[in-house]
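Participant: sequence? don't have it. structure:
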(Lines give C-alpha, C1' and ligand atoms only; values in the text may rest on other atoms or scores of the structure.)
Protein backbone atom coordinates (compact mmCIF):
# COMPACT_ATOMS: atom_id res chain seq x y z
CA UNK A 1 0.00 0.00 0.00
CA UNK A 2 1.02 3.59 -0.60
CA UNK A 3 -0.52 6.26 1.62
CA UNK A 4 0.66 9.83 1.11
CA UNK A 5 -0.20 13.51 1.43
CA UNK A 6 -2.81 12.98 4.18
CA UNK A 7 -3.91 15.17 7.09
CA UNK A 8 -5.37 12.98 9.84
CA UNK A 9 -7.38 14.02 12.88
CA UNK A 10 -5.99 14.81 16.27
CA UNK A 11 -3.47 13.48 18.75
CA UNK A 12 -2.50 9.84 18.25
CA UNK A 13 -4.25 9.53 14.89
CA UNK A 14 -2.79 6.46 13.17
CA UNK A 15 -2.50 5.39 9.54
CA UNK A 16 -2.27 1.60 10.21
CA UNK A 17 -3.31 0.25 13.63
CA UNK A 18 -3.51 -3.35 14.90
CA UNK A 19 -4.45 -4.48 18.42
CA UNK A 20 -5.88 -7.48 20.27
CA UNK A 21 -4.83 -10.25 17.91
CA UNK A 22 -2.06 -12.58 16.83
CA UNK A 23 0.18 -13.07 13.81
CA UNK A 24 -0.25 -9.60 12.34
CA UNK A 25 1.99 -8.90 9.35
CA UNK A 26 2.27 -5.21 8.49
CA UNK A 27 4.73 -5.13 5.62
CA UNK A 28 5.88 -3.23 2.54
CA UNK A 29 3.78 -0.11 3.04
CA UNK A 30 4.89 3.34 1.94
CA UNK A 31 3.57 6.10 4.19
CA UNK A 32 4.67 9.58 3.16
CA UNK A 33 3.99 13.23 3.97
CA UNK A 34 1.52 12.91 6.84
CA UNK A 35 0.31 15.73 9.07
CA UNK A 36 -2.29 15.93 11.84
CA UNK A 37 -4.86 18.50 12.83
CA UNK A 38 -3.76 21.33 15.10
CA UNK A 39 -2.19 19.94 18.27
CA UNK A 40 -1.95 16.47 16.76
CA UNK A 41 0.86 14.01 16.23
CA UNK A 42 0.42 11.43 13.46
CA UNK A 43 1.49 7.79 13.92
CA UNK A 44 2.43 5.65 10.93
CA UNK A 45 2.02 2.09 12.27
CA UNK A 46 0.80 0.99 15.70
CA UNK A 47 0.91 -2.58 17.04
CA UNK A 48 -0.36 -3.01 20.60
CA UNK A 49 -2.30 -5.20 22.99
CA UNK A 50 -5.31 -2.87 23.32
CA UNK A 51 -7.22 -1.92 26.45
CA UNK A 52 -8.26 -5.40 27.58
CA UNK A 53 -6.58 -7.97 25.39
CA UNK A 54 -3.34 -9.56 24.27
CA UNK A 55 -1.45 -9.25 21.00
CA UNK A 56 1.30 -11.63 19.96
CA UNK A 57 3.69 -12.52 17.15
CA UNK A 58 3.45 -9.33 15.15
CA UNK A 59 5.75 -8.50 12.23
CA UNK A 60 6.33 -4.95 11.07
CA UNK A 61 8.63 -5.42 8.09
CA UNK A 62 9.98 -3.49 5.12
CA UNK A 63 7.86 -0.36 5.49
CA UNK A 64 9.01 3.04 4.25
CA UNK A 65 7.75 5.84 6.51
CA UNK A 66 8.85 9.43 5.95
CA UNK A 67 8.07 13.13 6.25
CA UNK A 68 5.71 13.29 9.22
CA UNK A 69 4.97 16.45 11.19
CA UNK A 70 3.76 16.60 14.81
CA UNK A 71 3.17 19.47 17.18
CA UNK A 72 3.90 20.36 20.80
CA UNK A 73 2.99 17.47 23.11
CA UNK A 74 2.09 15.18 20.22
CA UNK A 75 5.16 13.88 18.41
CA UNK A 76 5.20 12.56 14.91
CA UNK A 77 5.89 8.84 15.32
CA UNK A 78 6.72 6.31 12.61
CA UNK A 79 6.25 2.98 14.47
CA UNK A 80 4.67 2.54 17.92
CA UNK A 81 4.90 -0.83 19.73
CA UNK A 82 2.88 -1.72 22.83
CA UNK A 83 0.67 -0.02 25.38
CA UNK A 84 2.33 0.62 28.73
CA UNK A 85 -1.01 0.85 30.53
CA UNK A 86 -1.74 -2.81 29.66
CA UNK A 87 1.59 -4.62 29.25
CA UNK A 88 0.43 -7.93 27.74
CA UNK A 89 2.12 -7.77 24.32
CA UNK A 90 4.21 -10.84 23.43
CA UNK A 91 6.71 -11.14 20.57
CA UNK A 92 7.04 -8.45 17.93
CA UNK A 93 9.62 -8.17 15.16
CA UNK A 94 10.31 -4.69 13.79
CA UNK A 95 12.67 -5.30 10.89
CA UNK A 96 14.12 -3.63 7.77
CA UNK A 97 11.93 -0.56 7.95
CA UNK A 98 13.15 2.77 6.60
CA UNK A 99 12.21 5.81 8.65
CA UNK A 100 13.14 9.35 7.63
CA UNK A 101 12.22 12.88 8.64
CA UNK A 102 9.98 12.70 11.70
CA UNK A 103 9.47 16.37 12.50
CA UNK A 104 7.82 18.35 15.28
CA UNK A 105 6.83 22.01 15.54
CA UNK A 106 6.52 24.22 18.63
CA UNK A 107 9.03 22.45 20.89
CA UNK A 108 9.15 23.72 24.48
CA UNK A 109 12.41 23.14 26.35
CA UNK A 110 11.16 24.51 29.68
CA UNK A 111 10.71 22.56 32.91
CA UNK A 112 8.95 20.39 32.19
CA UNK A 113 9.44 20.37 28.43
CA UNK A 114 6.73 19.26 26.06
CA UNK A 115 7.17 16.05 24.04
CA UNK A 116 8.70 17.85 21.07
CA UNK A 117 11.25 19.38 23.42
CA UNK A 118 11.95 16.15 25.32
CA UNK A 119 12.68 14.16 22.18
CA UNK A 120 13.94 17.14 20.13
CA UNK A 121 11.55 16.34 17.30
CA UNK A 122 9.59 13.36 16.08
CA UNK A 123 10.29 9.71 16.94
CA UNK A 124 11.36 6.84 14.69
CA UNK A 125 10.45 3.71 16.70
CA UNK A 126 8.94 3.68 20.19
CA UNK A 127 8.57 0.53 22.31
CA UNK A 128 6.35 0.95 25.38
CA UNK A 129 5.61 -2.64 26.43
CA UNK A 130 5.98 -6.30 25.55
CA UNK A 131 8.11 -9.39 26.01
CA UNK A 132 10.27 -10.65 23.15
CA UNK A 133 10.50 -7.38 21.21
CA UNK A 134 13.17 -7.40 18.50
CA UNK A 135 14.10 -4.18 16.68
CA UNK A 136 16.56 -5.16 13.96
CA UNK A 137 18.11 -3.93 10.69
CA UNK A 138 16.08 -0.73 10.48
CA UNK A 139 17.41 2.45 8.89
CA UNK A 140 16.40 5.54 10.88
CA UNK A 141 17.49 9.05 9.94
CA UNK A 142 16.61 12.69 10.48
CA UNK A 143 14.36 12.30 13.51
CA UNK A 144 14.31 13.97 16.90
CA UNK A 145 14.92 10.57 18.52
CA UNK A 146 15.51 7.42 16.50
CA UNK A 147 14.46 4.85 19.13
CA UNK A 148 12.53 5.45 22.37
CA UNK A 149 12.94 2.29 24.43
CA UNK A 150 10.67 2.66 27.45
CA UNK A 151 10.46 -1.06 28.14
CA UNK A 152 12.58 -3.82 29.58
CA UNK A 153 14.43 -6.73 27.92
CA UNK A 154 14.50 -5.52 24.32
CA UNK A 155 16.85 -6.77 21.63
CA UNK A 156 18.00 -3.91 19.39
CA UNK A 157 20.30 -5.19 16.69
CA UNK A 158 22.02 -4.14 13.44
CA UNK A 159 20.15 -0.87 13.01
CA UNK A 160 21.65 2.05 11.09
CA UNK A 161 20.91 5.22 13.04
CA UNK A 162 22.06 8.25 11.09
CA UNK A 163 21.76 12.01 11.49
CA UNK A 164 19.26 12.16 14.38
CA UNK A 165 19.22 14.52 17.34
CA UNK A 166 19.17 11.52 19.71
CA UNK A 167 20.13 7.99 18.70
CA UNK A 168 18.09 6.59 21.58
CA UNK A 169 16.15 7.99 24.51
CA UNK A 170 15.94 5.56 27.37
CA UNK A 171 13.46 6.74 29.95
CA UNK A 172 13.59 5.25 33.43
CA UNK A 173 11.30 3.49 35.91
CA UNK A 174 8.71 5.83 37.31
CA UNK A 175 8.72 8.30 34.42
CA UNK A 176 5.17 8.77 33.20
CA UNK A 177 2.09 6.60 33.74
CA UNK A 178 1.87 2.89 33.10
CA UNK A 179 3.20 -0.46 34.18
CA UNK A 180 6.23 -0.94 31.97
CA UNK A 181 8.19 2.30 32.05
CA UNK A 182 11.89 1.63 32.27
CA UNK A 183 14.84 0.62 30.21
CA UNK A 184 16.56 -2.33 31.86
CA UNK A 185 18.05 -5.66 30.74
CA UNK A 186 18.15 -4.59 27.08
CA UNK A 187 20.81 -5.63 24.57
CA UNK A 188 22.05 -3.19 21.94
CA UNK A 189 24.18 -5.22 19.52
CA UNK A 190 25.99 -4.40 16.25
CA UNK A 191 24.18 -1.11 15.69
CA UNK A 192 25.82 1.66 13.70
CA UNK A 193 25.46 5.24 14.91
CA UNK A 194 26.64 7.87 12.43
CA UNK A 195 26.49 11.65 12.67
CA UNK A 196 23.95 11.91 15.48
CA UNK A 197 24.00 14.85 17.88
CA UNK A 198 23.49 13.31 21.33
CA UNK A 199 23.84 9.60 20.72
CA UNK A 200 22.40 7.12 23.21
CA UNK A 201 20.82 8.99 26.12
CA UNK A 202 20.92 7.01 29.39
CA UNK A 203 18.62 8.39 32.08
CA UNK A 204 17.89 7.94 35.76
CA UNK A 205 17.92 4.44 37.24
CA UNK A 206 18.34 2.70 33.92
CA UNK A 207 20.47 -0.40 34.63
CA UNK A 208 21.87 -3.73 33.46
CA UNK A 209 21.81 -2.92 29.75
CA UNK A 210 24.47 -4.39 27.49
CA UNK A 211 26.05 -2.48 24.61
CA UNK A 212 27.78 -5.09 22.44
CA UNK A 213 29.92 -4.41 19.33
CA UNK A 214 28.25 -1.12 18.43
CA UNK A 215 29.88 1.29 16.01
CA UNK A 216 29.98 5.01 16.83
CA UNK A 217 31.23 7.38 14.13
CA UNK A 218 30.93 11.13 13.78
CA UNK A 219 28.46 11.61 16.62
CA UNK A 220 28.81 14.84 18.59
CA UNK A 221 28.40 12.75 21.74
CA UNK A 222 28.25 9.01 21.17
CA UNK A 223 26.83 8.17 24.61
CA UNK A 224 25.26 10.69 26.99
CA UNK A 225 24.94 9.11 30.44
CA UNK A 226 23.25 10.96 33.29
CA UNK A 227 22.08 7.74 34.92
CA UNK A 228 22.74 6.50 38.42
CA UNK A 229 23.22 2.75 37.79
CA UNK A 230 25.72 0.48 36.03
CA UNK A 231 25.51 -0.80 32.46
CA UNK A 232 27.84 -2.98 30.41
CA UNK A 233 30.07 -2.29 27.41
CA UNK A 234 31.50 -5.25 25.48
CA UNK A 235 33.44 -5.71 22.24
CA UNK A 236 34.34 -9.17 21.02
CA UNK A 237 35.18 -11.29 17.99
CA UNK A 238 36.65 -14.74 17.31
CA UNK A 239 40.06 -13.62 18.64
CA UNK A 240 39.02 -12.19 21.97
CA UNK A 241 36.91 -9.86 24.06
CA UNK A 242 37.07 -6.68 26.13
CA UNK A 243 34.29 -6.49 28.71
CA UNK A 244 33.94 -3.66 31.18
CA UNK A 245 32.66 -5.03 34.51
CA UNK A 246 29.90 -2.44 34.89
CA UNK A 247 30.18 1.24 34.10
CA UNK A 248 28.44 3.85 36.21
CA UNK A 249 29.51 6.53 33.76
CA UNK A 250 29.39 5.62 30.06
CA UNK A 251 29.80 9.13 28.65
CA UNK A 252 31.66 8.98 25.35
CA UNK A 253 32.42 11.82 22.93
CA UNK A 254 34.79 9.99 20.55
CA UNK A 255 34.39 7.44 17.75
CA UNK A 256 34.48 3.83 18.92
CA UNK A 257 34.29 0.55 16.99
CA UNK A 258 36.43 -2.46 16.14
CA UNK A 259 39.63 -0.97 14.70
CA UNK A 260 38.83 2.58 15.86
CA UNK A 261 40.19 3.34 19.34
CA UNK A 262 39.70 -0.34 20.17
CA UNK A 263 41.37 -3.42 18.70
CA UNK A 264 41.07 -7.17 19.26
CA UNK A 265 43.40 -9.22 17.08
CA UNK A 266 45.88 -12.09 17.12
CA UNK A 267 47.26 -12.08 20.69
CA UNK A 268 46.29 -8.41 21.01
CA UNK A 269 43.69 -6.46 22.94
CA UNK A 270 43.94 -2.69 23.07
CA UNK A 271 41.81 0.32 24.03
CA UNK A 272 42.78 3.95 23.59
CA UNK A 273 41.98 5.14 27.11
CA UNK A 274 42.77 8.77 26.20
CA UNK A 275 39.33 9.07 24.54
CA UNK A 276 37.39 8.32 27.75
CA UNK A 277 39.04 8.39 31.17
CA UNK A 278 35.86 6.89 32.66
CA UNK A 279 36.53 3.67 30.68
CA UNK A 280 40.05 3.41 32.08
CA UNK A 281 39.11 1.07 34.90
CA UNK A 282 38.44 -2.56 35.67
CA UNK A 283 37.71 -4.79 32.68
CA UNK A 284 37.90 -8.46 31.77
CA UNK A 285 40.04 -9.29 28.76
CA UNK A 286 39.99 -12.54 26.78
CA UNK A 287 42.51 -13.57 24.11
CA UNK A 288 41.59 -16.63 22.02
CA UNK A 289 43.35 -18.98 19.57
CA UNK A 290 46.75 -18.50 21.25
CA UNK A 291 49.45 -20.95 20.20
CA UNK A 292 51.52 -20.60 23.36
CA UNK A 293 52.18 -23.75 25.39
CA UNK A 294 52.07 -21.74 28.60
CA UNK A 295 51.84 -18.08 29.60
CA UNK A 296 54.19 -16.54 32.09
CA UNK A 297 53.64 -12.84 31.27
CA UNK A 298 51.00 -10.48 30.03
CA UNK A 299 52.85 -7.63 28.42
CA UNK A 300 51.19 -4.24 28.83
CA UNK A 301 52.23 -1.12 26.93
CA UNK A 302 50.93 2.38 27.65
CA UNK A 303 50.50 3.28 23.98
CA UNK A 304 47.54 2.21 21.83
CA UNK A 305 48.93 -0.49 19.53
CA UNK A 306 47.51 -3.18 17.26
CA UNK A 307 50.84 -5.02 16.93
CA UNK A 308 51.60 -7.80 19.43
CA UNK A 309 55.33 -7.79 18.63
CA UNK A 310 55.48 -4.08 19.40
CA UNK A 311 53.54 -4.53 22.64
CA UNK A 312 55.76 -7.40 23.81
CA UNK A 313 58.94 -5.52 22.92
CA UNK A 314 57.97 -2.22 24.57
CA UNK A 315 55.67 -3.31 27.37
CA UNK A 316 56.17 -4.72 30.83
CA UNK A 317 54.61 -7.65 32.67
CA UNK A 318 51.38 -6.44 34.27
CA UNK A 319 51.07 -9.64 36.34
CA UNK A 320 54.30 -8.78 38.13
CA UNK A 321 53.26 -5.13 38.20
CA UNK A 322 49.99 -5.98 39.94
CA UNK A 323 47.54 -4.44 37.46
CA UNK A 324 46.54 -7.80 35.89
CA UNK A 325 45.10 -10.68 37.87
CA UNK A 326 42.68 -13.62 37.86
CA UNK A 327 44.74 -15.31 35.18
CA UNK A 328 43.48 -18.50 33.58
CA UNK A 329 44.80 -20.19 30.45
CA UNK A 330 43.52 -23.38 28.84
CA UNK A 331 42.91 -24.56 25.32
CA UNK A 332 44.49 -21.48 23.77
CA UNK A 333 42.14 -19.11 25.68
CA UNK A 334 43.58 -16.57 28.13
CA UNK A 335 41.30 -14.70 30.55
CA UNK A 336 42.46 -11.97 32.89
CA UNK A 337 41.29 -8.80 34.62
CA UNK A 338 43.00 -5.44 34.30
CA UNK A 339 42.59 -2.54 36.70
CA UNK A 340 43.26 0.00 33.96
CA UNK A 341 43.60 0.08 30.24
CA UNK A 342 46.37 -0.06 27.70
CA UNK A 343 47.54 -2.53 25.01
CA UNK A 344 48.02 -6.19 25.98
CA UNK A 345 49.70 -9.29 24.55
CA UNK A 346 50.42 -12.65 26.16
CA UNK A 347 53.97 -13.92 26.32
CA UNK A 348 55.78 -17.06 27.35
CA UNK A 349 59.22 -16.38 28.83
CA UNK A 350 61.64 -18.68 27.10
CA UNK A 351 64.19 -20.91 28.79
CA UNK A 352 67.39 -22.31 27.34
CA UNK A 353 66.72 -25.25 25.05
CA UNK A 354 63.05 -24.38 24.44
CA UNK A 355 61.50 -25.26 21.09
CA UNK A 356 59.41 -22.52 19.50
CA UNK A 357 56.53 -23.42 17.19
CA UNK A 358 54.96 -19.98 16.66
CA UNK A 359 56.28 -16.48 16.06
CA UNK A 360 58.01 -15.36 19.23
CA UNK A 361 59.56 -12.17 20.62
CA UNK A 362 62.18 -12.54 23.34
CA UNK A 363 61.71 -10.23 26.33
CA UNK A 364 64.87 -11.05 28.32
CA UNK A 365 68.39 -12.34 27.79
CA UNK A 366 68.97 -16.10 27.64
CA UNK A 367 72.18 -16.41 29.57
CA UNK A 368 74.40 -19.37 30.43
CA UNK A 369 72.62 -21.94 28.25
CA UNK A 370 74.52 -25.18 28.75
CA UNK A 371 74.02 -26.28 25.11
CA UNK A 372 71.41 -25.03 22.61
CA UNK A 373 69.92 -21.61 23.08
CA UNK A 374 66.62 -22.06 21.20
CA UNK A 375 65.33 -24.69 18.77
CA UNK A 376 63.13 -23.95 15.77
CA UNK A 377 60.16 -26.32 15.60
CA UNK A 378 57.84 -25.09 12.82
CA UNK A 379 57.72 -23.57 9.33
CA UNK A 380 56.93 -19.92 8.61
CA UNK A 381 57.61 -18.41 12.01
CA UNK A 382 59.66 -15.43 13.19
CA UNK A 383 62.08 -15.32 16.11
CA UNK A 384 62.61 -11.70 17.11
CA UNK A 385 65.24 -11.29 19.80
CA UNK A 386 64.41 -7.55 20.09
CA UNK A 387 68.09 -6.86 20.83
CA UNK A 388 68.38 -9.40 23.65
CA UNK A 389 71.24 -11.88 23.96
CA UNK A 390 71.35 -15.64 23.49
CA UNK A 391 74.44 -16.98 25.31
CA UNK A 392 74.82 -20.67 24.42
CA UNK A 393 77.18 -23.66 24.90
CA UNK A 394 78.34 -22.73 28.35
CA UNK A 395 79.30 -26.34 29.15
CA UNK A 396 78.44 -28.49 26.13
CA UNK A 397 78.28 -28.27 22.37
CA UNK A 398 75.19 -26.64 20.95
CA UNK A 399 73.81 -23.95 18.66
CA UNK A 400 72.59 -20.47 19.47
CA UNK A 401 69.50 -21.01 17.29
CA UNK A 402 69.11 -24.58 16.05
CA UNK A 403 67.13 -25.13 12.86
CA UNK A 404 68.77 -28.44 12.03
CA UNK A 405 65.21 -29.77 11.63
CA UNK A 406 65.13 -28.02 8.26
CA UNK A 407 62.06 -25.83 8.77
CA UNK A 408 61.46 -23.33 5.95
CA UNK A 409 60.19 -19.76 5.88
CA UNK A 410 61.83 -18.98 9.21
CA UNK A 411 62.96 -15.43 10.07
CA UNK A 412 65.55 -14.83 12.80
CA UNK A 413 66.20 -11.16 13.55
CA UNK A 414 67.58 -8.63 16.05
CA UNK A 415 69.57 -11.27 17.92
CA UNK A 416 72.87 -10.94 19.78
CA UNK A 417 74.20 -14.52 19.75
CA UNK A 418 77.31 -15.24 21.85
CA UNK A 419 79.01 -18.60 22.34
CA UNK A 420 79.97 -19.52 25.88
CA UNK A 421 82.85 -21.95 25.22
CA UNK A 422 85.13 -23.46 22.63
CA UNK A 423 82.78 -26.43 22.33
CA UNK A 424 80.08 -24.29 20.73
CA UNK A 425 78.76 -25.24 17.31
CA UNK A 426 76.97 -22.63 15.18
CA UNK A 427 75.43 -19.34 16.16
CA UNK A 428 72.58 -20.20 13.79
CA UNK A 429 72.36 -23.76 12.50
CA UNK A 430 70.29 -23.88 9.31
CA UNK A 431 70.86 -27.60 8.85
CA UNK A 432 68.70 -28.77 5.95
CA UNK A 433 66.53 -25.65 5.88
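Facilitator: The structure has been received and is ready for your questions. Not measured: the values here are computed from a predicted model. Residues are numbered from 1 along each chain as shown.
Participant: switch to C-alpha atoms for all contacts and neighbour counts from now on
Facilitator: OK.
Participant: In the stretch 51-200 of the chain, mark out all the helices, start to finish.
Facilitator: Along the stretch 51-200 of the chain, counting by DSSP state H, counting those that start in this stretch, helices occupy 115-118.
Participant: mind listing what's buried in stretch 234-244?
Facilitator: 234-236, 239-244 (16 or more other Cα atoms under 10 Å).
Participant: again with stretch 418-433
Facilitator: Those would be 418-421, 424-430, for stretch 418-433 by 16+ other Cα under 10 Å.
Participant: Show me the shaky parts of the stretch 51-200 of the chain.
Facilitator: By pLDDT under 70, the low-scoring segments of the stretch 51-200 of the chain are 52-53, 171-182.
Participant: 90 instead?
Facilitator: 51-56, 70-75, 83-89, 104-120, 128-131, 149-153, 169-185, 198-200 (pLDDT under 90).
Participant: contacts for stretch 406-424?
Facilitator: 368, 371, 376-400, 427, 430-433 (Cα atoms under 8 Å, 6 or more residues apart in numbering).
Participant: And for stretch 16-32?
Facilitator: Contacts for stretch 16-32 (Cα under 8 Å, 6+ apart): 1-5, 44-50, 52-68.
Participant: cool, stretch 186-202 as well?
Facilitator: Under Cα under 8 Å, 6+ apart, the answer for stretch 186-202 is 152-171, 208-227.
Participant: sorry, back to before: filter the contacts of stretch 16-32 down to the buried ones.
Facilitator: 44-50, 54-68.
Participant: one step back: in strands only, show me the contacts of stretch 186-202.
Facilitator: Cross-referencing those against strands under DSSP state E gives 155-157, 160-162, 166-169, 210-212, 215-217, 223-225.
Participant: Just the buried ones from these, in ChimeraX syntax?
Facilitator: Remark: buried members of the ones in strands among the contacts of stretch 186-202, expressed as a ChimeraX selection using 16+ other Cα under 10 Å:
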select :155,156,157,160,161,162,166,167,168,169,210,211,212,215,216,217,223,224,225
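Participant: ChimeraX command for the buried members of the contacts of stretch 406-424?
Facilitator: Those of the contacts of stretch 406-424 that count as buried under 16+ other Cα under 10 Å are selected in ChimeraX with:
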select :368,371,376,377,378,379,381,382,383,384,385,386,387,388,389,390,391,392,393,394,396,397,398,399,400,427,430
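Participant: So which of the contacts of stretch 406-424 are in strands?
Facilitator: Using DSSP E, these in strands are 376, 382-384, 389-392.
Participant: pLDDT below threshold where in the stretch 201-350 of the chain?
Facilitator: Using pLDDT under 90, the stretch 201-350 of the chain drops low at 201-209, 224-230, 245-249, 281, 291-296, 309, 313, 326-327, 347-350.
Participant: For it, which segments count as helices?
Facilitator: Using DSSP H, counting those that start in this stretch, helices in the stretch 201-350 of the chain cover 308-314, 318-321.
Participant: Could I get these in JSON lines, plus columns for mean neighbour count and distance to residue 72?
Facilitator: Compiled in JSON lines, those are given as follows (neighbours: other Cα atoms under 10 Å; distance: least, Cα to Cα, whole Å):
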{"stretch": "helix 308-314", "mean neighbour count": "21", "distance to residue 72": "55"}
{"stretch": "helix 318-321", "mean neighbour count": "15", "distance to residue 72": "56"}
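Participant: need the ones you listed in a markdown table with distance to residue 280, can you?
Facilitator: Output for the helices of the stretch 201-350 of the chain, formatted as a markdown table (distance: least, Cα to Cα, whole Å):
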| stretch | distance to residue 280 |
| --- | --- |
| helix 308-314 | 18 |
| helix 318-321 | 15 |
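Participant: Is residue 411 bridged to anything, and to what?
Facilitator: residue 382 (DSSP bridges).
Participant: An error on my part: the question was meant for residue 416.
Facilitator: residue 389.
Participant: do the same with residue 231
Facilitator: Here residue 231, judged by DSSP bridges, has bridge partners residue 247.
Participant: How much space separates it from residue 313?
Facilitator: 35 Å (Cα to Cα, to the nearest Å).
Participant: With residue 367 instead?
Facilitator: Taking Cα to Cα, one finds residue 367 at 18 Å from residue 313.
Participant: One more: residue 383?
Facilitator: 12 Å.
Participant: which residues are in contact with both of the two?
Facilitator: 361-362.
Participant: Tell me the spacing between residue 397 and residue 145.
Facilitator: Where residue 145 is concerned, residue 397 sits at a distance of 74 Å (Cα to Cα).
Participant: these two touch, right, residue 107 and residue 72?
Facilitator: Yes: counting by Cα atoms under 8 Å, residue 72 is a contact partner of residue 107 at 5.5 Å.
Participant: what is in contact with the two at once?
Facilitator: Common neighbours of residue 107 and residue 72 (Cα under 8 Å, 6+ apart) are 114-117.
Participant: Most neighbours among those residues, which one?
Facilitator: Using other Cα atoms under 10 Å as the neighbour criterion, residue 116 leads the shared contacts of residue 107 and residue 72 with 27 neighbours.
Participant: how close does that one get to residue 42?
Facilitator: For residue 116, the distance to residue 42 (Cα to Cα) stands at 13 Å.
Participant: same deal with residue 164?
Facilitator: Residue 164 is 19 Å from residue 42, by Cα to Cα.
Participant: Could you pull up the residues touching residue 283?
Facilitator: Residue 283 touches 242-245, 337-340, counting by Cα under 8 Å, 6+ apart.
Participant: Keep only those of those that are in strands.
Facilitator: 242-244, 337-338.
Participant: any idea which of the residues you listed is the one closest to residue 285?
Facilitator: residue 242 (4.8 Å; Cα to Cα).
Participant: Skipping adjacent residues, who's closest to that closest one in space?
Facilitator: Counting by Cα to Cα, 6 or more residues apart in numbering, residue 285 is the residue found nearest to residue 242 once chain neighbours are left out, at 4.8 Å.
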